[in-house]
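Q: Please find the sequence and the predicted model below.
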Amino acid sequence: MYNLLKGKRGLIFGALNEQSIAWKVAERAAEEGAELVLTNTAMAARMGGTAELAEKLGSIFIPADATSIEDLENLIDKTVEQFGGKIDFILHSIGMSPNVRKGRKYDDLDYGFLQKTLDISAISFHKVMQVARKKDAIADGGSIVALSYIAAQRTLYGYNDMADAKALLESIARSFGYILGREKGIRVNTVSQSPTPTTAGSGVMGLDSLMDFAERMSPCGNASALDCADYVITLFSDLTRKVTMQNLFHDGGFSSMGMSRRAMKLYSQGLSDMLAAEEANLEFKDVSKSLKK
Ligand SMILES: NC(=O)c1ccc[n+]([C@@H]2O[C@H](COP(=O)([O-])OP(=O)(O)OC[C@H]3O[C@@H](n4cnc5c(N)ncnc54)[C@H](O)[C@@H]3O)[C@@H](O)[C@H]2O)c1
């Protein structure tokens, strides 16, 4: 503990359960001395433990659907009331794709679902900042962070329309980062996190294989949810006041890799196993052919 957030007040979206990245951020922010308000949808709160976490951390829970302007207006008003002043930091840790949930592939998307994916996972970030700015609810020099994934830049099999949502999310961070930075020195960044075993993460096709691949490729290994929380705390602190409009990779080095020794080893082994199996299969076919004669 470094007291990095002593005297700061933060609003955290997306803590569903103990695995959630936002859950870890909330716990670390409280440890670092921040006063918090936690929010999530009313349904998520019933399924998960957002309200219990709020109670444990001595904060309050205010339900809000991050796609609803009415909910966000109520949330921002109540948060400022609770704090008795402006908000120093906001975490947007929200993602959901109905296309992924319903198993719709990228070349057979339901466009109504796609609108929902974009609204929940990206446009909600714009809505949060627009509502908070109109209400002048963010303190000068404040910090806003959203969570992203490298599928915004590179194609990763199975990430589906969430890749498009993340690209939009990162663009919104830059566009709004300019406005909020110019006006009040408020920073806006996205953190591009390693694959992480959470409820949202487990919706991604082949998460276990993806995590294993990323682990083998990353010189420092995959970043856990707790590692991510530690990094996000630095972005909320006064130590990073000039970092803004960035997509910051927090992935053990994965984003700069092409091929690693550990991944090459597995690939070579898999390749020789596959070739041996193909050869055995060919021999089997030859034998069965000659038996038939
Ligand atoms: N898990 C990973 O592998 C991974 C990797 C990189 C980035 N991320 C991103 O991290 C963020 C947090 O996800 P997580 O992995 O902690 O999973 P999670 O399932 O714990 O969190 C997702 C949260 O989004 C909330 N949410 C969904 N719809 C909402 C709405 N309409 N309004 C308000 N909240 C809503 C859920 O209730 C939940 O709390 C997401 O943006 C996700 O894309 C995750």
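A: Ah, there it is.

Q: Quick check: phi and psi at residue 204.
A: Note on residue 204: its backbone torsions stand at phi -70, psi 130 [degrees, to the nearest 10].

Q: wait, isn't it in contact with residue 100?
A: Yes - between residue 204 and residue 100 a contact is recorded at 7.2 Å, counting by CB atoms under 8 Å. No exception for glycine: its C-beta is placed from N, CA and C like everyone else's.

Q: Can you work out which residues contact both of those two?
A: Common neighbours of residue 204 and residue 100 (criterion: CB atoms under 8 Å, 6 or more residues apart in numbering): residue 162.

Q: and residue 136, helix, strand or coil?
A: When classified by DSSP: H, G, I helix; E, B strand; the rest coil, residue 136 comes out as coil.

Q: Near the ligand, which residues of the protein are found?
A: Within the chain, the residues that sit near the ligand (CB under 6 Å from any ligand atom) are 13-14, 16, 19-22, 40-41, 44, 65-67, 93-96, 120, 147-149, 193, 195-196, 198-201.

Q: Show me these that map onto helices.
A: Taking DSSP state H, the ones among these that sit in helices are 21-22, 44.

Q: Closest one to residue 87 out of those residues, please.
A: For these, the minimum distance to residue 87 (CB to CB) is 15.6 Å, reached by residue 22.

Q: right, and the closest one touches residue 10 too?
A: No - with contacts counted by CB under 8 Å, residue 22 stays clear of residue 10, the gap being 11.0 Å.

Q: what touches both of those two?
A: residue 91.

Q: quick one: low-confidence parts of the chain?
A: In the predicted model of the chain, residues 284-293 satisfy pLDDT under 70.

Q: Just give the nearest non-adjacent residue to the residue most central in space within it, would you?
A: To find the centre residue of the chain, average its C-alpha atoms and take the closest one (CA atoms, centre = their mean): that gives residue 147, at 3.4 Å. Leaving aside its sequence neighbours, residue 147 sits nearest to residue 93 (CB to CB, 6 or more residues apart in numbering; 5.1 Å).

Q: I figured the one you found hits residue 16, correct?
A: No - under the contact definition of CB under 8 Å, residue 93 does not touch residue 16, with a separation of 9.2 Å.

Q: okay, and the common contacts of the two?
A: Jointly contacting residue 93 and residue 16 under the rule CB under 8 Å, 6+ apart are residue 22.

Q: Between those two, point out the one with more neighbours.
A: When neighbours are counted by other CB atoms under 10 Å, residue 93 and residue 16 differ, and residue 93 comes out ahead with 27 against 23.

Q: residues in contact with the more buried one?
A: In this structure, residue 93 makes contact with 12-15, 20-22, 25, 146-147, judged by CB under 8 Å, 6+ apart.
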